[in-house]
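In: okay, here's the prediction I keep looking at, along with the sequence it came from:
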Amino acid sequence: MAEVTHHRWKDIEPEQMNPLTTRQFVVGTNTMMARLTLKKGAVVPRHQHRHEQITNLVEGALHFQLDGREMTVGAGEVVCIPPHAPHEVVALEDSVVLEVFNPAREDWLQGNDAYLRSQSAGRAGE
């Protein structure tokens, strides 16, 4: 049986992914929850993955390009992204996002997340 765990975001050291993006995450048995802080102009470059993703915007505003579709999402809104759907994001304002992935992002756990770490991921238009 899996063990119950308890976490506080304030106790998880934010990882600086690029100049405008920090990331924290917690991993359960089959699922991962991440907290990303994106400064205005931050870009999450176009990518896709095998994981289902549910994105809850806690504060700020993000512009999504999702598999040929565009949408602007504000605080209190949720986007469900199915597995293998290409997507990219630009922060229109300073933003805080909670993301749930199933299964857990093994690429993140193994450090195979260069698309988030590049300097070009740091600013829109670069």
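Out: Yep, that arrived. Numbers count the residues shown, from 1 in each chain.

In: could you find the closest non-adjacent residue to T72?
Out: Leaving out its chain neighbours, the residue that sits closest to T72 by CB to CB, 6 or more residues apart in numbering is H63, at 5.2 Å. C-betas here are computed from N, CA, C, even on glycine.

In: if I've got this straight, that neighbour is in a strand?
Out: Yes. Assessed by DSSP: H, G, I helix; E, B strand; the rest coil, H63 belongs to a strand.

In: any idea how far it is from H47?
Out: Using CB to CB, to the nearest Å, one obtains 16 Å as the distance from H63 to H47.

In: try V89
Out: Taking CB to CB as the measure, V89 falls 10 Å from H47.

In: can you check E93 too?
Out: Using CB to CB, we find E93 at a distance of 22 Å from H47.

In: and what of N56?
Out: Distance, N56 to H47, using CB to CB: 19 Å.

In: ditto for T31
Out: Using CB to CB, T31 is found at 19 Å from H47.

In: what is E88 paired to in the beta sheet?
Out: Judged by DSSP bridges, the bridge partners of E88 are Q65.

In: quick check: it touching V43?
Out: Yes. With contacts counted by CB atoms under 8 Å, E88 reaches V43, the gap being 7.1 Å.

In: tell me where this protein has helices.
Out: Under the criterion DSSP state H, the chain contains helices at 106-109, 114-117.

In: the last one - contacts with which helices or strands?
Out: It stands for helix 114-117. For helix 114-117, the elements it packs on are strand 15-18, strand 43-47, judged by 3 or more CB pairs under 8 Å, 6 or more residues apart in numbering; DSSP states H and E.

In: make TSV from those strands and add mean neighbour count and distance to F25 to it.
Out: Output for those, formatted as TSV (neighbours: other CB atoms under 10 Å; distance: least, CB to CB, whole Å):
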stretch	mean neighbour count	distance to F25
strand 15-18	17	8
strand 43-47	17	15
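
In: dump the ones you listed to a markdown table, plus mean pLDDT and distance to L36.
Out: As requested, those are arranged in a markdown table below (pLDDT from 0 to 100; distance: least, CB to CB, whole Å):
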| stretch | mean pLDDT | distance to L36 |
| --- | --- | --- |
| strand 15-18 | 94 | 8 |
| strand 43-47 | 94 | 8 |
